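1. Structure here, sequence nowhere to be found:
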Ligand code: SF4
Ligand code: SF4
């Protein structure tokens, strides 16, 4: 298959040798699980359990929206339910520190495992070819599946694209381009058949003739395993893409595979495409074939400071401290912890934060693996421009955002920045450009929310004025009708009086 050039990109040292050749291991049962009700993009789930309640593994503990209660097969909105990762006792439901550098509190359910790890009653297995598409999408939604590549977009909502786009191809993203991360690589090497079955279910739902499974060309064993697994599948092919960061970004993968660019502000559906991660396909297999909701995931734990880097099968809600302990703790002085990869991941310091549906990696980095914290002024070297895969001019964007000129930054393409960090990586002045752009995007969102809020207030005010005017008009009409009725009655009485006078006379 012909591949197309993508703009920009960098070749950071990938450090994947630390964990790539280690088989997935299961993490021992933790003493406590912390389950955020917001493990996806969209509206947070609401706790459906009480403190003191015993729950079974797979039991629904966070409900997303009223539609779930109704079992509606579509239109769930952007949200996903949360399930108990093991059996045990609910010990707390409260606002607690979120697994995010902001540290903002969010609703969290605490579960104390009972050690039995026993499943509750699960929905029955579905045969995809003898189930309706809406039944399959409903199962995916009810199983709480979200984009496992880190995007955390609810999968059932993504599949809605089949209704309004003329889809022709499904792209399966196995291009794990972030340094250190090998969770998808190992999953493909160890569970290729199950992933391919999940892909088959997605292909059936979307009714697309073509499936492209994109894998970085250095991940030879994963590609071989997937090629073997697709032998009897129709329309599926494995395509090796160049190992270059950020090849795994949805837009750049599409560009490399099709030569087409997703228009600014649009989704891949605009090109007849939909992209899902290999981990998502695996979760779809488990939900449809086994009736099991999403309660665990594969996480790469790596970095120079961790004693035993590797890939681990982790229950959602497991605290990072437990994971680090399972890996033998730290063997080198720790400089920085990261959730995700070093390019797009987020630094954090509280080891009590939990693993969530979108956590593909936990990194414990040494000083030599982290860029210096102090940066120097921009020397206008221009190195960041060819590195940018979105064709932006990061040094100019940086000046605009630093000076809080968000509107001009948006005009200069801030919205198209995918926060990949390629510009920060090449910057000789060590300017944390991506952090500025992240901040700028946050400000832009605030501004848009302000505009939406102002528009909503104006609409409410206009609607109220219309209602007040209508009421006044109705009141006036009533008064006039009453006046007319009185006048008519008076006239009738006068006529009656006149007639009576005539009769007397
Ligand atoms: S972070 Fe944004 S500006 Fe920097 S290289 Fe990536 S897309 Fe371009
Ligand atoms: S790479 Fe850094 S120093 Fe060079 S132009 Fe870009 S922001 Fe400035």
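-> Cool, got the structure. Quantities reported herein were computed from a predicted structural model and do not represent experimental measurements. Numbers count the residues shown, from 1 in each chain. Ligands and ions are numbered 1, 2, ... in the order given.
2. Where do the strands of the stretch 301-450 of the chain begin and end?
-> Taking DSSP state E, counting those that start in this stretch as the criterion, the stretch 301-450 of the chain carries its strands at 310-315, 336-339, 346-348, 361-365.
3. Those: which one's closest to residue 156?
-> Residue 156 sits nearest to strand 310-315 of all those, at 22.5 Å, using C-beta to C-beta. Bear in mind the C-beta positions are built from the backbone N, C-alpha and C, glycine included.
4. Partner strands of that closest one and their direction?
-> Strand pairing for strand 310-315, using DSSP bridges, gives strand 25-26 (parallel), strand 296-302 (antiparallel).
5. on that earlier part again, most packed of the strands of the stretch 301-450 of the chain?
-> strand 361-365 (a mean of 26; mean count of other C-beta atoms under 10 Å).
6. Contacts only, for residue 443.
-> Applying C-beta atoms under 8 Å, 6 or more residues apart in numbering, one finds that residue 443 lies in contact with 401, 404, 406.
7. of these, closest to ligand 2?
-> Set against ligand 2, the nearest of the contacts of residue 443 by C-beta to the nearest ligand atom is residue 401 (11.7 Å).
8. Excluding chain neighbours, give the residue nearest to the closest one in space.
-> Nearest residue to residue 401, sequence neighbours excluded (C-beta to C-beta, 6 or more residues apart in numbering): residue 440, at 3.8 Å.
9. Give me the buried stretch members for the helix or strand where residue 194 lies, please.
-> Per DSSP states H and E, residue 194 falls inside helix 192-206. Under the neighbour-count criterion of 16 or more other C-beta atoms under 10 Å, helix 192-206 has 192, 194-203, 205-206 buried.
10. who wins for proximity to ligand 1 among the strands paired with strand 310-315?
-> Among the strands paired with strand 310-315, the nearest to ligand 1 by C-beta to the nearest ligand atom is strand 296-302 (22.0 Å).
11. Quick one, grab the pLDDT at the closest residue to ligand 1 within the stretch 51-200 of the chain.
-> Residue nearest to ligand 1 within the stretch 51-200 of the chain (C-beta to the nearest ligand atom): residue 177, separated by 12.4 Å. According to the prediction, residue 177 has pLDDT 95.
12. count of residues packed around it?
-> Residue 177 has 25 neighbours, counted by other C-beta atoms under 10 Å.
13. tell me the contacts of the nearest residue to it once chain neighbours are set aside?
-> In space, and not counting its chain neighbours, residue 177 is closest to residue 248: 3.9 Å by C-beta to C-beta, 6+ apart. Residues near residue 248 by C-beta under 8 Å, 6+ apart: 149, 173, 175-178, 216.
14. ok, so of those, who is nearest residue 475?
-> Set against residue 475, the nearest of these by C-beta to C-beta is residue 149 (60.5 Å).
15. And the closest one, how close does it get to residue 360?
-> 7 Å (C-beta to C-beta, to the nearest Å).
16. Next, show the common contact partners of those two.
-> Counting by C-beta under 8 Å, 6+ apart, the contacts common to residue 149 and residue 360 are 184, 279.
17. tell me which parts of the chain are close to ligand 1?
-> Residues of the chain lying close to ligand 1 by C-beta under 6 Å from any ligand atom are 387-390, 392, 394, 417-423, 433-434, 437.
18. between those residues, which is closest to residue 56?
-> Comparing these against residue 56 with C-beta to C-beta places residue 419 closest, at 39.1 Å.
19. Need phi/psi at that closest one.
-> Torsion angles at residue 419 (phi, psi; degrees, to the nearest 10) stand at phi 60, psi 40.
20. give me the number of residues near it?
-> For residue 419, the count of nearby residues is 17 (other C-beta under 10 Å).
21. for residue 353, same thing?
-> By other C-beta under 10 Å, neighbour count at residue 353 equals 24.
22. before we move on, what about residue 460?
-> Using other C-beta under 10 Å, residue 460 is surrounded by 10 other residues.
23. and it, that's in a helix?
-> Yes: looking at residue 460 with DSSP: H, G, I helix; E, B strand; the rest coil, it is inside a helix.
24. Residue 188 - nearest residue in space that isn't next to it in sequence?
-> Using C-beta to C-beta, 6+ apart and skipping residues adjacent in sequence, the residue nearest residue 188 is residue 222, 3.8 Å away.
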